[in-house]
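>>> requesting a structural model of the entry that follows:
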Amino acid sequence: MGRKLYLECYSGISGDMMVASLLDLGADQKILRKTLDSLEIKGFQIQISRVKKSGIDACDFNVVLDAEHENHDHDMEYLHGHIHEHRSSHNHTEGHTHSHEETMAHNHEAACEDKEGHVHSHQHRGMKEIRRIIQHGEMTDGARELALKIIEILAKAEAKAHNVPEDEVHFHEVGAVDSIVDIIAAAVCIDNLNITETIIPVLCEGQGTIRCQHGILPVPVPAVANIVQAHQLPIRIVEAQGEFVTPTGAAIAAAIKTGQKLPKEFSIEKIGIGAGKRKYERPGILRAMLILDGSWERDSICKLETNIDDCTGEAMGYVMERLFEAGARDVHFTPVFMKKNRPAWQLNVICCKEDREKMEQIIFRETTTIGIRRVDMERTLVKRVQETVSTPAGDAKVKVCQIDGNWRYYPEYESVVQISRETGLPYMEVCQMVLQNAEARHVQ
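Now for the predicted structure:
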C-alpha cells in the first residue's frame with residue numbers, strides 16, 4: 001500500500017522545487033546522491049540546504065553546473081527578454097536556452113563564449129542517449145520507470161511544439177544536465193517515499209513572456225501548454241508576471257497525478273516545502289503534503305475454518321506456506337479436542353473473497369479434511385503505509401500507521417531477519433534499531 005501526496009502549486013511547479021519538497025518530506029538524501037553519482041553525465045554537483053522564501057523556511061535543491069555548462073536560468077533580466085550585458089551571453093541571435101530544467105532544441109549546433117572568452121561547443125543529447133543515462137543509473141526499477149515516463153512526456157510536448165519526430169528532439173547541452181538531474185532526482189525521491197497517488201487540484205501559471213533558445217515566447221510556453229492539453233492538467237492564469245510552471249515541472253505533474261480532489265476528511269502525515277530560484281511577486285515555494293484519508297478504512301474479507309485430527313505437524317506447516325504463497329491474509333492453527341476426546345487442530349484462513357475458491361482447493365488437496373466452513377465478514381482496520389527505513393545495519397521495511405495522532409511502527413519480519421543474518425546482530429537488537437530510526441524519521 002503506497003502513500004498519498006498532495007501538491008499545492010499556487011506558485012507553480014518546477015523540477016528543483018519538486019525535488020526540494022520531496023527531500024523536505026523525508027526522501028533519503030544518501031539514496032539520491034548514490035543514484036546521481038552513478039549517472040553517465042558530468043559537469044554538475046548538487047547542494048541541499050535551507051533557505052527563507054518570504055520568511056518561510058524551505059528546502060533548496062540546487063544543481064550547480066561547472067563553467068562549461070552554466071546558463072542564465074536565474075537571471076531575471078535575461079529571462080524576461082531584456083538585453084543581457086554580461087560577457088557570458090550567447091553570440092547567436094536565438095537567445096540562451098530556456099530555463100535549466102526543460103530546454104529542448106532542434107538538431108543544430110551552437111557555440112557559447114564564457115567569461116574568459118573561451119568558446120565551448122554545444123553538443124546535443126537525443127532521446128536514445130537520455131534513455132541510456134536513465135537505464136544505466138543505479139536506481140530501483142520503480143524510479144527508472146517513472147524517470148523514463150517523465151522524459152517521454154517532455155519529449156512528446158517539445159516534438160509537437162517544433163513539429164519534429166520525438167527521436168529528433170534533442171536536449172541542448174547547456175541546461176540538459178540540470179534537466180536530467182532534476183527528472184531523475186524527482187523520480188528517485190517519489191519512489192523512495194513510496195508515493196503511489198498524487199492529488200494536484202490546479203497549476204498556477206503567470207503571464208507575460210520569457211526568453212528561450214527560440215526567441216521571446218509567451219507564458220505558458222508551448223511545451224507547458226502541450227503537456228497541460230495532453231494530460232488534462234488543471235491550470236489557472238494568475239495576475240502576476242513570470243513563468244511559474246516550467247516544462248519539467250509540468251511533465252513531472254503529468255506523470256504522477258492520479259487525482260484532482262482532496263478527500264473530505266484527511267490527516268496530514270508530514271509537510272515539505274521546496275524553494276524555487278526565481279524572484280517573482282509570489283513567493284517561489286511548492287508545498288507538498290503526505291496525507292491519510294482518516295485513520296480507519298473498511299472492507300470485506302472471507303474466513304475459512306476446518307477441524308483436522310489426522311494430519312501431521314509437518315503437513316500442517318506445509319499447507320500454511322502454500323496458503324500464504326497463494327495470497328492468504330492470515331493463517332493460524334488452534335489446538336482443539338474433538339469428539340471422543342481426540343486432539344486436533346482448527347485451521348483458520350483469512351483471505352479476500354475472490355481468493356476463496358483457490359484457498360479451499362489448497363486445503364482440500366494438502367490436508368485430510370472433507371469439509372470447510374466459510375463466512376463473509378466486514379472489518380475495520382487502521383490505514384497503514386509501508387516505508388523503507390535506513391539503519392546503520394541496512395535498510396528495512398516498516399508498516400507505519402497513525403491512531404488518534406500517535407504514530408505506530410511495525411518492522412517487517414523478513415527485513416529484520418535478513419539484517420540479522422547478514423550482520424550477526426540479535427533479532428531484538430535489529431528490531432529496536434529499526435524502530436528508533438522509523439521514529440526519528442517522523443519526528444524530523
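>>> for stretch 332-345, how far is the first residue from the last?
Taking Cα to Cα, to the nearest Å, stretch 332-345 runs 10 Å from one end to the other.
>>> quick check: buried residues in it?
Residues of stretch 332-345 classed as buried by neighbour count (16 or more other Cβ atoms under 10 Å): 333, 344-345. Just so you know, the C-beta spots here come from the backbone N, C-alpha and C atoms, and that holds for glycine as well.
>>> by contact count, what packs against the strand or helix carrying residue 60?
Under the criterion of DSSP states H and E, residue 60 resides in strand 56-65. Secondary structure elements in contact with strand 56-65, counted by 3 or more Cβ pairs under 8 Å, 6 or more residues apart in numbering; DSSP states H and E, are helix 15-24, strand 44-53, helix 173-192, strand 267-275.
>>> report all helices and strands that the third one contacts.
The reference is to helix 173-192. Helix 173-192 packs on helix 15-24, helix 29-37, strand 44-53, strand 56-65, strand 124-126, helix 127-136, helix 141-162, helix 247-256, going by 3+ Cβ pairs under 8 Å, 6+ apart.
>>> ok, the shortest one next?
Counting by 3+ Cβ pairs under 8 Å, 6+ apart, the packing neighbours recorded for strand 267-275 are helix 15-24, strand 56-65, strand 285-292.
>>> ok, the second one next?
Where contact means 3+ Cβ pairs under 8 Å, 6+ apart, strand 44-53 is packed against helix 29-37, strand 56-65, helix 173-192.
>>> output the contacting helices and strands for the shortest one.
Counting by 3+ Cβ pairs under 8 Å, 6+ apart, the packing neighbours recorded for helix 29-37 are strand 44-53, helix 173-192.
>>> tilt between the shortest one and helix 173-192?
Meaning strand 44-53. 70 degrees (axes from the mean of the first three to the mean of the last three Cα atoms, to 10 degrees).
>>> quick one: residues in contact with strand 44-53.
Outside strand 44-53, the residues that touch it by Cβ atoms under 8 Å, 6 or more residues apart in numbering are 20, 23, 29, 33, 36, 57-66, 69, 177-178, 181, 185, 275-276, 283-285.
>>> and the helices and strands packed on strand 267-275 as JSON lines, adding distance to residue 407?
Output for the helices and strands packed on strand 267-275, formatted as JSON lines (distance: least, Cβ to Cβ, whole Å):
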{"stretch": "helix 15-24", "distance to residue 407": "18"}
{"stretch": "strand 56-65", "distance to residue 407": "22"}
{"stretch": "strand 285-292", "distance to residue 407": "11"}
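>>> deepest-packed of these, please.
Greatest average neighbour count among the helices and strands packed on strand 267-275 goes to helix 15-24 (a mean of 29), per mean count of other Cβ atoms under 10 Å.
>>> and that helix, C-alpha only, in PDB?
Extracted in PDB, the C-alpha atoms of helix 15-24 (Å, rounded to 0.1, in the frame of the first residue of the first chain):
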ATOM      1  CA  GLY A  15      11.900  20.400 -11.200                       C
ATOM      2  CA  ASP A  16      14.100  21.800  -8.500                       C
ATOM      3  CA  MET A  17      11.000  22.900  -6.400                       C
ATOM      4  CA  MET A  18       9.600  19.400  -6.700                       C
ATOM      5  CA  VAL A  19      12.800  17.600  -5.600                       C
ATOM      6  CA  ALA A  20      13.300  20.000  -2.700                       C
ATOM      7  CA  SER A  21       9.800  19.500  -1.400                       C
ATOM      8  CA  LEU A  22      10.200  15.700  -1.600                       C
ATOM      9  CA  LEU A  23      13.500  15.900   0.300                       C
ATOM     10  CA  ASP A  24      11.800  18.000   2.900                       C
END
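>>> tilt between it and helix 173-192?
Using the same axes, to 10 degrees: helix 15-24 against helix 173-192 is 30 degrees.
>>> give me the average confidence score over helix 15-24.
Mean per-residue pLDDT for helix 15-24: 96.
>>> what's the answer for stretch 37-57, then?
What stretch 37-57 shows for mean pLDDT is 91.
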